[in-house]
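Asks: got a predicted structure here, sequence first:
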Amino acid sequence: MESNASDNSNCDTSKWSKSKDGSQSPVPQQYCTKSSSTISNPFAAVVGIGAPDGSPVGENDQRYLQRAQHLVQARTALDNTKQESGLGVNFINETGGGGLSQTNHNQKVALSVFALGLPGGSNMWGINTDVHMHAGVGNYPFYGREADHTNFNRDYAPGGTVAFGDYLTFTGLPMTAGIEMSGNPNPGSKSLYYGILFQGKKGFSEVGTGLISDATIVDGSNSRSSIKIYGAHSDVINSYDADVDRIITAKPGQKVCFSGVSHCVSFNAVTNALELNDGRFILSDKGIAAPSLPTSGGKIKGSLCVDLSGNIFVKTTAGPCL
């Protein structure tokens, strides 16, 4: 029987029963807040409990419970006119200003999490959110994490004082990646329709129409490749439904290469021409030239040219085709 314990000392957070929908998600039998001097308060995580090999366990099995030093075991009790939270932090920052520069000693933080891994420790997370939406809940949205940011202070334009939605820094030896996505979809299905979605296009949501002004993604790093594509795709870039003037914008001398780097096209600002492989094939407003045709007796046979009427001819003298 589920109960709310008024005396936390008598609240047994280890007891659980199986979910009524037939899933392996445990349902706690008692709800309370417990604190201990050690990581010793047992609980069955409501998102699932199981043996290391993934096999199901019997109801109220105590072998694979987690432990917490401070535990909040909560459930909702009100109708859809009230917001409820398992843990709430209500924070106001109104001291420490006055033009002082920011340091690691005068920051004001609503919630801080510090974690240190030492020799002998196991794998570690700073924060772990695990959100399950069971079958039969209905047509309701759900979110793994929501971060709302409202700015009525000033324009934080690039080059000045900064303001970020999420701020990630990395120190020390190289890590595998800054952000990683993986999934375990149902057979024959996918976990996501979009890896990253910036709202604003008609058909999704008009909420984000004015979201971004300069660039959706900015890469100012010195990595070997800005974007590296693996996997099987129909397109790398698909702008079919976009209202854009230019798909790619490049400055003179920058190349577009095919078959590795053996066949590249670039624009020569001096000759005002497109060149394949550094001048071996030239396309300009004067026509098409191939000055690197095979030679005979040490002399160039000529340049293959096309005039503006589409006629093809071989030019045996120096200079442009037309």
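Replies: Alright, I've got the coordinates. In this text, all values refer to a predicted model and were calculated from it rather than measured experimentally.
Asks: count of neighbours near the spatially closest residue to residue 110 that is not a sequence neighbour?
Replies: Ranked by C-beta to C-beta, 6 or more residues apart in numbering and with sequence neighbours excluded, the top spatial neighbour of residue 110 is residue 91, at 3.8 Å. In short, each C-beta sits where N, CA and C put it, glycine included. Residue 91: 8 surrounding residues under other C-beta atoms under 10 Å.
Asks: what's the answer for the one 10 residues further on, then?
Replies: By the criterion of other C-beta under 10 Å, residue 101 has 5 neighbours.
Asks: could you show me where the helices are in the stretch 51-200 of the chain, in order?
Replies: With DSSP state H, counting those that start in this stretch as the criterion, the stretch 51-200 of the chain has no helices.
Asks: so where's it uncertain?
Replies: By pLDDT under 70, the stretch 51-200 of the chain has no low-scoring segment.
Asks: over to the stretch 201-322 of the chain?
Replies: In the stretch 201-322 of the chain (pLDDT under 70), the answer is 201-209, 278-282, 284-304, 310, 312, 318-319, 322.
Asks: and the strands in it, which stretches?
Replies: Ranges of strands within the stretch 201-322 of the chain are 255-258, 263-268, 273-276, 281-284, 287-289, 295-296, 299-300, 303-306, 312-315, based on DSSP state E, counting those that start in this stretch.
Asks: about what we covered before: how near is the residue nearest to residue 110 to residue 109?
Replies: Look at residue 91 and residue 109: by C-beta to C-beta, to the nearest Å, they are 8 Å apart.
Asks: for residue 60, same thing?
Replies: Distance of residue 60 to residue 109, given as C-beta to C-beta: 39 Å.
Asks: which one of these two has more residues nearby?
Replies: Legend: neighbour count by other C-beta under 10 Å for residue 60 and residue 109, higher for residue 60 (13 against 8).
Asks: ramachandran coordinates for that one?
Replies: Dihedral angles of residue 60 (phi, psi; degrees, to the nearest 10) stand at phi 70, psi 20.
Asks: so who does it touch?
Replies: Residues in contact with residue 60, defined by C-beta atoms under 8 Å, 6 or more residues apart in numbering, are 15, 16, 17.
Asks: same thing but at 10 Å, please
Replies: Taking C-beta atoms under 10 Å, 6 or more residues apart in numbering, we find residue 60 in contact with 14, 15, 16, 17, 18, 26, 29, 44.
Asks: from these, which ones fall inside strands?
Replies: 16, 17, 18, 26 (DSSP state E).
Asks: ok, for the second one, nearest residue in space, not its chain neighbours?
Replies: Okay, so that is residue 17. Nearest residue to residue 17 in three dimensions, chain neighbours excluded: residue 27, at 5.2 Å (C-beta to C-beta, 6+ apart).
Asks: now do the contacts for that neighbour.
Replies: Applying C-beta under 10 Å, 6+ apart to residue 27 gives the contacts 2, 15, 16, 17, 18, 19, 20, 44, 46, 59, 75.
Asks: ok, residue 151 next?
Replies: So residue 151 contacts residue 163 (C-beta under 10 Å, 6+ apart).
Asks: burial measure for residue 134, as a count.
Replies: Look at residue 134: counted by other C-beta under 10 Å, it has 10 neighbours.
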